[in-house]
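S.K.: Below is the sequence, then the predicted model.
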Amino acid sequence: MKFASLIGLAAAHEIEQEYIGYLAQHGKSYGTEEEYQFRLAIYARKAEQVRQWNAKAALDGTSTIGINHMADWTDSEYKKLLGYRNRVGSVRNEIPSGVYGEVPKAPESVDWREKGAVTPVKNQGMCGSCWAFSTTGAMEGRYQIAGNNLTAFSEEQFVDCSSSFGNAACNGGLMDDAFKYAETNKIETEAQYPYKGMLHGDCKATGEGVATVKSYVDVPVNDPQALMNAVA
């Protein structure tokens, strides 16, 4: 039992040293010992989940995961970021399965990063604006594939300006409604209209955007082949 206790203490010390490095990496600090210990416990639990997941992935070849800046957040803090809001009565602009006739068999692997069609990872902050980032990500890739330079588009424009189309800024929204906004409004670049992630921001779009959406479709849910063909 004494030997087991020593192992437990060593493991606890190791995870705390890891956590101290994590705090330094992400510029975090906590004002009280209670808060520090509370966050450390969350981090330890998440780190163990990551370890178990990756150990399983090493055996079955599935995806791996890692630690990021949210590793010591509570579940309620994390859920604030989940801003996907499918409105009652909204109709998906769904494309029929198999419509991608030009791709009868999807290739085994497609990495659009290698083709220069993916912007660097962005951070939505403490704002439920994932729907806006999903929208710009789709637009950025399509814009580059069409022959333009890879360009980061403004999530903040969607957050601030598309409420009349059904979106609710940091309280959530829907990609389809954002695409509808972009059909009639030019979307500015990230540099023109920087991201702030504020709950109530006034629309500051100047009309000097660089891209609009001609059309959009939703890939059918629970249809891996349709998703693979769409990506390809």
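M.R.: All right, it came through fine.

S.K.: Tell me where the model's unsure across the protein.
M.R.: Within the chain, the stretches with pLDDT under 70 are 1-10, 83, 87-104, 200.

S.K.: Would you tell me which helix is longest in it?
M.R.: helix 33-60 (DSSP state H).

S.K.: mind listing what's buried in the very next helix or strand once past that one?
M.R.: Counting by DSSP states H and E, the next helix or strand C-terminal to helix 33-60 is helix 75-79. Of all the residues in helix 75-79, not one is buried under the rule 16 or more other Cβ atoms under 10 Å. For glycine as for every other residue, the C-beta is placed from the backbone atoms N, C-alpha and C.

S.K.: other SSEs contacting helix 75-79?
M.R.: Using 3 or more Cβ pairs under 8 Å, 6 or more residues apart in numbering; DSSP states H and E as the contact test, no helix or strand touches helix 75-79.

S.K.: Which elements pack onto the longest helix of the chain?
M.R.: helix 2-26.

S.K.: didn't residue 152 look like it was pressed against residue 188?
M.R.: No. Proximity of residue 152 to residue 188 does not meet the contact threshold set by Cβ atoms under 8 Å, at 10.4 Å.

S.K.: So which of the two has more stuff around it?
M.R.: A direct count of neighbours by other Cβ atoms under 10 Å for residue 152 and residue 188 places residue 188 higher, at 22 against 16.

S.K.: Can you give the distance of the longest helix of the chain from its chain's centre?
M.R.: Helix 33-60 has its C-alpha centroid displaced from the chain centroid by 21 Å (Cα atoms, centre = their mean, to the nearest Å).

S.K.: Buried residues, that helix. List them.
M.R.: 36, 39, 40, 42, 43, 44, 46, 47.

S.K.: Is it possible to get those residues out as TSV so that each row also shows distance to residue 70?
M.R.: As requested, those are exported to TSV (distance: Cβ to Cβ, whole Å):
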residue	distance to residue 70
36	17
39	11
40	15
42	10
43	10
44	15
46	9
47	13
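
S.K.: which one of those residues sits closest to residue 141?
M.R.: Using Cβ to Cβ, residue 46 comes nearest to residue 141 of the buried residues of helix 33-60, at 30.2 Å.
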